[in-house]
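Student: Attaching a predicted model along with its sequence, questions to come.
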Amino acid sequence: MAKYQAYSEYASTNTDWLGEAPKHWHTIPVGKLFTRIKRTDHTDKELLSVYRDYGVIPKSSRDDNNNKPSEDLSPYQLVEANDLVMNKMKTWQGSIAISEYEGIVSPAYFVYQPLAKLFDVAHPKYVHYLLRNPMYIAQYLRRSKGIRVNQWDLDPDEFQRVELLLPTKDEQLKIFRFLDHETAKIDTLIEKQQQLIKLLKEKRQAVISHAVTKGLNPNAPMRDSGVEWLGEVPAHWESQRLKFVCKLITGKISIDNHIVVALENIESWTGKYMATDSEFTGEDVGFNTGDVLFGKLRPYLAKVFHTENSGVAFGDLLVYRPSNRILSKYCFFQMISQAFIATVNSSTYGSKMPRASVEFVNDMYILVPSLDEQKEIVNFIVSRLEKLSELEIKAQSAIKLMQERRTALISAAVTGKIDVRNWKAPEQSATNKEVAA
C-alpha cells in the first residue's frame, strides 16, 4: 500500500470497532438503509447463491456447488438487483453481498431490500465492498449466536445495528471504480493460477487412469478386455470382479477410542484425509491398515481412501480388504480411476441422494497384473503425483498471496486508510501490459 497516500485528517467514528476514519466520513446503521423482505412463489426465476469469494452469482455458473435445490421452489425467496443477500449461517465467513442479479435463493437466506434513503447516501456497489471486508466480517462473527460454530446464525436485529462507514457519494464512486479496476487485475492473475491447478488435477487423473488400465510398457501386446468401460488392456493382465480380489468387511465395532473416517474426511479425487470438527457416536464398520474405503453416496465425488491405520468407517463407506493377489495401494488407484468412478456413478439410484448398490460395486471389474508390476505401477504413480502436487502447492500459494493482497486493498480503500480520490484509470493498452506482466 506504500504507493497510496493517506487522508490528511482523521477522526473517531464513535464506534468500538471501526476506530478512526477520514474526518468527513460518517456512519449510518444498516437498518436505516435496508429492510428485511421475504418474497416467495417465484419458481420461474434463476437460482442464485451467495459465495464468500464471488458474491451473489447464478448457481449454474459454478460447478463446485453440490447442494441440490429442493424439488419445491415455492419457498425460495426472490432477489432483485441491489438487494442485500446473506447466508445467515455463513455470514461470519463472508457469505454476504449486494446482488447484481434477479433470481431466487434458499429459504434459509436473509434478503434485505434497499430503502429509498440508500440511494441518497450510498452506491450499492460501494456497500457491497464495505460489507465484505474483514473488519465487518469480524463483526458478523461477534454478533452471531448458536451452540456450534458451524451452526451460528447472524442475529438479524444485531445486523441492522451494524454501522456502515460512508464517504460522500462522489467519493464512493471513485473508490469502487478504483477497486473494480484493481481487483479485476488481481482476479485475472488468480484465474490463470486456478486454470493451472485445474490442468494439474486433470493430469493427475490421466496419470492414474492410464497406468492402471494400460500399464507402463507402451509396447506391451493388448487385448480386448471384454468390459466396455475398460476397452483394450495389456494381454497378460487378468480382469477380475472386485469381490474376487477384495473382501467386503461388514463387522461393526464401537467408535469409542478409534479413529473415525467419514465421507466428509475424504478429499474428492485425491483420497487425502481432511480433519473436521464433527463428532461421531455409536458403532460402524471397522477397518484395518491397508483397507480401501469407497464412498457409495454420490460416487461422482470420488471419495476413496487408502487406510494407513485401523479405525471405524462411518456412514456411506464400503470397506474392502485386498487379498494377497493385489497390493492395497494399487487397489486404491484402480478404484479412484476415472473410468471406475464414472461406471459406478452411472448405476446409482435415488435423485436427491444418489447411491451405488453394494452388489454393483462388488461386481465391478478391476485389472490385476503381477504383484511386481503392481508395485512398479504404484511407485510410478506416486512419483508423478508428488511432482504434480509440488506444482499445485506453488500455484495455491500464489493464489493465497494474491487474495490477501486483494482483501487488504479493499479494506484499506473502504475504511479510509488510503486516499484514491485522485486515482484515474490507466489507458487500456497500459492496463493490458500491466496484467500481462
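Tutor: Received the coordinates, thanks.
Student: Can I take it that F305 is in a strand?
Tutor: Yes. Judged by DSSP: H, G, I helix; E, B strand; the rest coil, F305 forms part of a strand.
Student: So what's the residue count around it?
Tutor: A total of 26 residues lie near F305 under the criterion other CB atoms under 10 Å. Any C-beta I mention is one placed from the backbone N, CA and C, and that applies to glycine too.
Student: residues in contact with it?
Tutor: F305 sits next to V261, N265, I266, G271, Y273, V292, L293, L317, F332 when contact means CB atoms under 8 Å, 6 or more residues apart in numbering.
Student: Those residues, buried ones only, as a PyMOL selection?
Tutor: If you want just the buried ones from these in PyMOL, going by 16 or more other CB atoms under 10 Å, the selection is:
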select buried, resi 261+265+266+271+292+293+317+332
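Student: Need the contacts of F305 in JSON lines (columns: secondary structure and distance to K185).
Tutor: JSON lines is the format used below for these (DSSP: H, G, I helix; E, B strand; the rest coil; distance: CB to CB, whole Å):
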{"residue": "V261", "secondary structure": "strand", "distance to K185": "42"}
{"residue": "N265", "secondary structure": "helix", "distance to K185": "38"}
{"residue": "I266", "secondary structure": "strand", "distance to K185": "37"}
{"residue": "G271", "secondary structure": "coil", "distance to K185": "36"}
{"residue": "Y273", "secondary structure": "strand", "distance to K185": "37"}
{"residue": "V292", "secondary structure": "strand", "distance to K185": "45"}
{"residue": "L293", "secondary structure": "strand", "distance to K185": "44"}
{"residue": "L317", "secondary structure": "strand", "distance to K185": "44"}
{"residue": "F332", "secondary structure": "helix", "distance to K185": "42"}
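Student: CSV please, covering the contacts of F305 and showing distance to K3 and pLDDT.
Tutor: Formatted as CSV, the contacts of F305 follow (distance: CB to CB, whole Å; pLDDT from 0 to 100):
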residue, distance to K3, pLDDT
V261, 49, 97
N265, 45, 97
I266, 45, 98
G271, 45, 97
Y273, 43, 97
V292, 54, 98
L293, 52, 98
L317, 53, 98
F332, 51, 98
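Student: quick one: buried residues of stretch 400-415?
Tutor: Buried, per 16+ other CB under 10 Å, within stretch 400-415: M402, R405, R406, T407, L409, I410, S411, A412, A413, V414, T415.
Student: Check the spacing between the third one and M89 real quick.
Tutor: Distance, R406 to M89, by CB to CB, to the nearest Å: 25 Å.
Student: Can you get me a residue count around L173?
Tutor: What L173 shows, counting by other CB under 10 Å, is a neighbour count of 14.
Student: Next: A262.
Tutor: 19.
Student: same question, N257
Tutor: Other residues lying near N257 total 6 when counted by other CB under 10 Å.
Student: ditto for P426
Tutor: 12.
Student: State the helix or strand in which it lies.
Tutor: When elements are assigned from DSSP states H and E, P426 belongs to no helix and no strand.
Student: Let me see the confidence value for it.
Tutor: The score at P426 is 83. That number is its pLDDT.
Student: So it versus V233, what's the distance?
Tutor: From P426 to V233 the distance is 58 Å (CB to CB).
Student: One more: K303?
Tutor: From K303 to V233 the distance is 26 Å (CB to CB).
Student: Looking at the chain, which helix is longest?
Tutor: Scanning the chain for the longest helix, with DSSP state H as the assignment, gives helix 169-214.
Student: which helices and strands sit right next to that helix?
Tutor: If you count contacts as 3 or more CB pairs under 8 Å, 6 or more residues apart in numbering; DSSP states H and E, helix 169-214 packs onto helix 124-131, strand 232-234, helix 328-335, helix 338-345, helix 371-414, helix 428-436.
Student: Among those, single out whichever gets nearest to A206.
Tutor: Distance to A206, taken as CB to CB, is lowest for helix 338-345 among the helices and strands packed on helix 169-214, at 8.2 Å.
Student: ok, and for the closest one, which residues are buried?
Tutor: Judged by neighbour count using 16+ other CB under 10 Å, the buried positions of helix 338-345 are Q338, A339, F340, I341, T343, V344.
Student: tilt between it and helix 169-214?
Tutor: 100 degrees (axes from the mean of the first three to the mean of the last three CA atoms, to 10 degrees).
Student: residues contacting F314?
Tutor: Per CB under 8 Å, 6+ apart, neighbours of F314: I255, V260, V261, A262, F280, D284.
Student: do E308 as well
Tutor: By CB under 8 Å, 6+ apart, the residues touching E308 are T289.
Student: Shouldn't it be within a helix?
Tutor: No. Secondary structure of E308 (three-state DSSP): coil, not part of a helix.
Student: Spatially nearest residue to the residue located most distally from the centre of the chain, not counting backbone neighbours?
Tutor: Within the chain, the residue lying farthest from the chain centre (CA atoms, centre = their mean) is P221, at 42.7 Å. Among residues not flanking P221 along the chain, A235 sits closest, at 4.2 Å (CB to CB, 6 or more residues apart in numbering).
Student: hang on, the one you found packs against N217?
Tutor: No. With contact taken as CB atoms under 8 Å, A235 and N217 are classed as non-touching, separated by 11.0 Å.
Student: about what we covered before: make CSV out of the buried residues of helix 338-345 and add distance to I366.
Tutor: CSV is the format used below for the buried residues of helix 338-345 (distance: CB to CB, whole Å):
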residue, distance to I366
Q338, 14
A339, 10
F340, 7
I341, 12
T343, 11
V344, 12
